[in-house]
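1. Sequence and computational prediction follow.
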Amino acid sequence: MLSQKLHDAINAQINAELWSAYLYLSMSMDAETKGYKGVANWFFVQWQEEQDHARILMNYLNSRDCKVELKPIDEVQTSWGSVLEMFQETLKHEKVVTGLINNLAAIAAEDRDFASSNMLVWFIDEQIEEEESARDMIFATESVEGDKYGMYQLDKELATRVYTQASPLATAE
Ligand code: FEO
């Protein structure tokens, strides 16, 4: 069994991952409305990935005989001033998530819960990628600022992003 503190923190993280999913789905819908179909696709894939993150944690709690408790998901913003703002907020949000994951890892270490520490390694690595991809998107969007044709090309490129199931789920099935 996990300590109550870690159990509660993982349940809170499931909620945070589902909130992240909801945030990116909202960005996807806003981009769609504004005609950026590629940006909408990029955030739609992000929405799918965040749901995977929640599912990995739910599977983990179940496997450790700990109850998953789903809490209400808070409201999210529904409109952004620009595509650049969306990616800037993505980076800001992912930095917060990195802090939450680090906190989980610290609790697991304190508990000497090696199985939980091991499970969290995937999330620690994933956060490096999450922050890097948001930074890349900020750079790409800034590079075409004020250039409508450049933005059109970037949007077309983002339309090619495809969802791939997170590896812990792929190996679990
Ligand atoms: Fe679940 Fe975007 O980190």
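-> Great, that's in hand. Residues are numbered from 1 along each chain as shown.
2. Could you list the contact residues of this protein toward the ligand?
-> Taking C-beta under 6 Å from any ligand atom as the contact definition, the chain meets the ligand at 17, 20, 50, 53, 94, 97, 130. All C-beta atoms are positioned from the backbone trio N, CA, C, and that covers glycine.
3. For the ligand, what's its nearest residue on this structure.
-> Across the chain, no residue is closer to the ligand than H53, which sits at 3.7 Å (C-beta to the nearest ligand atom).
4. Local confidence estimate at that residue?
-> Here the pLDDT value assigned to H53 is 98.
5. And the one 5 residues further on, by the same measure?
-> For M58, the pLDDT comes out at 98.
6. which one is it nearest to, not counting chain neighbours?
-> Distances taken as C-beta to C-beta, 6 or more residues apart in numbering place V68 nearest to M58, at 5.0 Å, with adjacent residues excluded.
7. In contact with the residue nearest the centre of the chain: list those residues for me.
-> Ranked by distance to the mean C-alpha position of the chain (C-alpha atoms, centre = their mean), the top residue is E50 at 4.2 Å. Going by C-beta atoms under 8 Å, 6 or more residues apart in numbering, E50 touches 17-18, 20-21, 24.
8. do A109 as well
-> When contacts are counted by C-beta under 8 Å, 6+ apart, A109 touches S117.
9. For it, pull up the helix or strand it's in.
-> Following DSSP states H and E, one finds A109 within helix 83-110.
10. Then D74?
-> Assessed by DSSP H and E, D74 sits outside every helix and strand.
11. give me the number of residues near it?
-> Neighbours of D74 under the rule other C-beta atoms under 10 Å: 10.
12. Next, the buried residues of the helix or strand of the chain with the lowest mean pLDDT.
-> One helix or strand of the chain scores below all others by mean pLDDT, DSSP states H and E: helix 167-172, with a mean of 85. For helix 167-172, the neighbour count (16 or more other C-beta atoms under 10 Å) marks P168 as buried.
13. Stretch 48-63 now?
-> Per 16+ other C-beta under 10 Å, stretch 48-63 contains these buried residues: 48-61.
14. That one: how far from the chain's middle?
-> Chain-centre distance of stretch 48-63: 12 Å, with C-alpha atoms, centre = their mean, to the nearest Å.
15. Please produce JSON lines containing the buried residues of stretch 48-63, extended by secondary structure.
-> Listed next are these as JSON lines, based on DSSP: H, G, I helix; E, B strand; the rest coil:
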{"residue": "Q48", "secondary structure": "helix"}
{"residue": "E49", "secondary structure": "helix"}
{"residue": "E50", "secondary structure": "helix"}
{"residue": "Q51", "secondary structure": "helix"}
{"residue": "D52", "secondary structure": "helix"}
{"residue": "H53", "secondary structure": "helix"}
{"residue": "A54", "secondary structure": "helix"}
{"residue": "R55", "secondary structure": "helix"}
{"residue": "I56", "secondary structure": "helix"}
{"residue": "L57", "secondary structure": "helix"}
{"residue": "M58", "secondary structure": "helix"}
{"residue": "N59", "secondary structure": "helix"}
{"residue": "Y60", "secondary structure": "helix"}
{"residue": "L61", "secondary structure": "helix"}
